[in-house]
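Colleague: give me the fold of what follows.
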Amino acid sequence: MADKDTHNTKEERMRKMRTALTIAGSDSSGGAGIQADIKTMTANGVFAMSAITALTAQNTTGVAGIMEVSPEFLKEQIDCIFTDIRPDAVKIGMVSSAELITAIAEKLTEYHAENIVVDPVMVATSGAKLISDDAIDTLKERLLPMADVLTPNIPEAEVLSGMEVRTEEDMIKAAEKISENYHCAVLLKGGHQLNDANDLLYRNGSYRWFYGKRIDNPNTHGTGCTLSSAIASNLAKGFDMDTSVERAKAYISGALGAMLDLGKGSGPLNHAFDITGEYVKTPEDIAKGTPKSTVTETDMPSAGKETV
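Modeller: Got it, this is the predicted structure:
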């Protein structure tokens, strides 16, 4: 009997885990890039893999150096991942050259990748361009049309929509344009430029606001990476798009609310604030009524009405 019980327990432990791939640069300080992505994916209950586009020497005060990988080596990384442990979702972060963007697009097409989340890192919140015009054009032509959801900030949305975004009505119009141009969902992040922490999800001709309260924490390094990786993790687990965004918003609010304070500049989030709780759950776990985590329902952001 003891052997049988041990065997059953082992089978339960050996259940298949959902998987996610991040394609992004390395952040040596651990706050953004693949390091933030891997922490986020782990905290959200999926097995994380990475294909590194560049190495950076950076910390919370800035970037000291960047060394890109070759397109051939990036392709080799992606080959190794898809031919062994196929990802259930793919998150793509900043890719600085047209050649690397093309390499990613070719490989994701070859392997028929699913649940693709693209954080179109092109423009900083200050308005400064982070990648070349050539890379932006290639991103628009090759990678964005493959996405299931894009997660631009307001300056990036202005580039993608070709219009100024100054009001919440502008956000709706810009998200609609981007969604129609690239045939995907768009999560347009509001941020401090327009509102406290209200994001707009536009898809299939309708939109929904995800409301949140601003958390007074100056340590926001890697928030964009974290949000997009959390969305990818939830899509990988089988949640629908709306639920994936809602859960990702709640997760990043918790990570910010943990008030981690590291470094001399804008520090990282605490990705592991609830490592065994709410965010590792699958739809099946929720249906079974597994015990609640330390995050209460009141901590979850309220969702606005959906409007057609």
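
Colleague: does residue 207 belong to a helix, a strand or coil?
Modeller: Reducing the assignment at residue 207 to three states with DSSP: H, G, I helix; E, B strand; the rest coil gives strand.

Colleague: burial of it, as a residue count?
Modeller: Applying the criterion other Cβ atoms under 10 Å, we find 21 residues in the vicinity of residue 207. Every residue, glycine included, has its C-beta placed from N, CA and C.

Colleague: please renumber the chain so that the first residue is 780 from this point on.
Modeller: From this message on, residue numbering opens at 780, which makes the last subject residue 986.

Colleague: mind listing the residues bridging to it?
Modeller: According to DSSP bridges, residue 981, residue 1086 are recorded as the beta-bridge partners of residue 986.

Colleague: how far away is it from residue 929?
Modeller: To residue 929, residue 986 is 14 Å away according to Cβ to Cβ, to the nearest Å.

Colleague: pull stretch 836-856 out as CSV, backbone CA atoms only.
Modeller: Backbone C-alpha positions of stretch 836-856 (Å, rounded to 0.1, in the frame of the first residue of the first chain) are rendered in CSV as follows:
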residue,chain,number,x,y,z
ALA,A,836,25.6,45.8,-18.6
GLN,A,837,23.2,47.8,-16.6
ASN,A,838,21.8,48.5,-13.1
THR,A,839,19.1,50.6,-11.6
THR,A,840,20.8,53.9,-12.6
GLY,A,841,21.3,53.2,-16.3
VAL,A,842,22.8,51.1,-19.2
ALA,A,843,26.5,50.9,-19.5
GLY,A,844,26.8,48.6,-22.5
ILE,A,845,25.0,46.4,-25.0
MET,A,846,26.2,43.4,-26.9
GLU,A,847,23.8,41.9,-29.4
VAL,A,848,23.8,38.2,-30.4
SER,A,849,23.9,37.3,-34.1
PRO,A,850,20.7,36.5,-35.9
GLU,A,851,22.1,33.0,-36.5
PHE,A,852,22.6,32.3,-32.8
LEU,A,853,19.2,33.7,-32.0
LYS,A,854,17.6,31.3,-34.5
GLU,A,855,19.6,28.4,-33.0
GLN,A,856,18.3,29.2,-29.5
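
Colleague: and the residue lying closest to residue 796 once chain neighbours are set aside, bridged to which residues?
Modeller: When the adjacent residues along the chain are set aside, residue 796 lies closest to residue 826, with 4.8 Å between them (Cβ to Cβ, 6 or more residues apart in numbering). Note on residue 826: beta-bridge partners residue 798, judged by DSSP bridges.

Colleague: roughly how far apart are residue 826 and residue 880?
Modeller: With distances taken as Cβ to Cβ, residue 826 is found 26 Å from residue 880.

Colleague: neighbour-wise, which of those two wins?
Modeller: Neighbours were tallied for residue 826 and for residue 880 using other Cβ under 10 Å; the higher tally belongs to residue 880 (26 against 18).

Colleague: does that one touch residue 874 like I think?
Modeller: Yes - under the contact definition of Cβ atoms under 8 Å, residue 880 touches residue 874, with a separation of 5.1 Å.

Colleague: which element follows whichever strand or helix holds residue 805 toward the C-terminus?
Modeller: Assigned by DSSP states H and E, residue 805 belongs to strand 798-806. Sequence order places helix 812-822 as the next helix or strand after strand 798-806, per DSSP H and E.

Colleague: chain center to that following helix: distance?
Modeller: For helix 812-822, the separation from the chain centroid amounts to 9 Å (computed by Cα atoms, centre = their mean, to the nearest Å).

Colleague: give me the angle between it and strand 798-806.
Modeller: Direction vectors for helix 812-822 and strand 798-806, defined by axes from the mean of the first three to the mean of the last three Cα atoms, to 10 degrees, enclose an angle of 150 degrees.

Colleague: ok, back up a step: separation between the residue nearest to residue 796 and residue 1012?
Modeller: Using Cβ to Cβ, one gets 10 Å for the distance from residue 826 to residue 1012.

Colleague: now do the shared contacts for those two.
Modeller: With contacts defined as Cβ atoms under 8 Å, 6 or more residues apart in numbering, the residues adjacent to both residue 826 and residue 1012 are 797, 799, 820.

Colleague: brilliant, that's me finished.
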